[in-house]
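In: Everything below, folded, please.
(2 chains)
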Amino acid sequence: GDSVTQTEGLVTLTKGLPVMLNCTYQTTYSPFLFWYVQHLNEAPKLLLKSSTDNKRTEHQGFYATLHKSSSSFHLQKSSVQLSDSALYFCALRSQGGRALIFGTGTTVSVSP
Amino acid sequence: GALVYQYPRRTICKSGTSMRMECQAVGFQATSVAWYRQSPQKTFELIALSTVNSAIKYEQNFTQEKFPISHPNLSFSSMTVLNAYLEDRGLYLCGARDHGTANSDYTFGSGTRLLVI
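Out: Numbers count the residues shown, from 1 in each chain, chains lettered A, B, ... in the order given. Predicted structure coming up:
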């Protein structure tokens, strides 16, 4: 079945540094990948999405490129801010399925 | 815009009792509604996917007998947690999607946080 893997459970870094959160997926269908951000006590909000191979998508300083050859959709930001401290989920919706499958999430903690 | 209202925001129920949560889609047609549970370990587990005019599909480890879902029209869905116990605590999230819009995304509600005492 479909699955999403996020390898980092917790990423801690200092404000101003770059960050990359890993996301790989498995599906036999054409994939649609998403990144959601969840702040404390809130519902997850859509950050980025893509179904186009090798095309970079950006929003609020975050960017990601779907690479179907490596089944990856890593999230990056050049310079993190304190407000980026949150839980980040990678999610997959495949053509064969209609529900989103979430990864296990990565907590990002940014210190001053 | 598309919004999903989910209520209650939080609830406490006694062990062995049941609680019902509801989701209301505004501004779009909720053709599919997916229900998730975020456990204290933070993973979002898919409980079931409900599509109007189709059978509700439950994921492994979740059953209709424990989590009955109603999806009577294109704007409303509810789910009940029957005989709730400690392991049922967590944040329950509903997400709705309009199949009539190409490449539409899921819009999520704010979640219902369930505490079991």
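
In: tell me what the least confident helix or strand in chain B by mean pLDDT is packed against?
Out: Sorting the helices and strands of chain B by mean pLDDT, DSSP states H and E puts strand B:107-108 at the bottom, at a mean of 90. Counting contacts by 3 or more Cβ pairs under 8 Å, 6 or more residues apart in numbering or on different chains; DSSP states H and E, strand B:107-108 is packed against strand B:3-7, strand B:90-97. (Each C-beta comes from the backbone N, C-alpha and C, glycine too.)

In: mind redoing it with 10 Å?
Out: When contacts are defined as 3 or more Cβ pairs under 10 Å, 6 or more residues apart in numbering or on different chains; DSSP states H and E, strand B:107-108 packs onto strand A:45-50, strand B:3-7, strand B:19-26, strand B:90-97.

In: Make sure A:E8 is indeed in a helix.
Out: No. With DSSP: H, G, I helix; E, B strand; the rest coil as the criterion, A:E8 is assigned coil and is not in a helix.

In: That one contacts A:V108, correct?
Out: Yes. When contacts are counted by Cβ atoms under 10 Å, A:E8 is listed as touching A:V108 (8.9 Å).

In: residues contacting the closest residue in space to A:S70 that isn't next to it in sequence?
Out: Excluding the flanking residues, the one nearest A:S70 by Cβ to Cβ, 6 or more residues apart in numbering or on different chains is A:T24, at 7.4 Å. When contacts are counted by Cβ atoms under 10 Å, 6 or more residues apart in numbering or on different chains, A:T24 touches A:3-7, A:67, A:70-74, A:90, A:92, A:103.

In: how about 6 Å then?
Out: Applying Cβ atoms under 6 Å, 6 or more residues apart in numbering or on different chains to A:T24 gives the contacts A:T5, A:S71, A:S72.

In: quick revisit: do the next helix or strand after the least confident helix or strand of chain B and chain A meet?
Out: Per DSSP states H and E, the first helix or strand lying C-terminal to strand B:107-108 is strand B:112-116. No. Looking at strand B:112-116 against chain A by Cβ under 6 Å from any Cβ of the partner chain, there are no contacts, and the closest approach is 8.2 Å.
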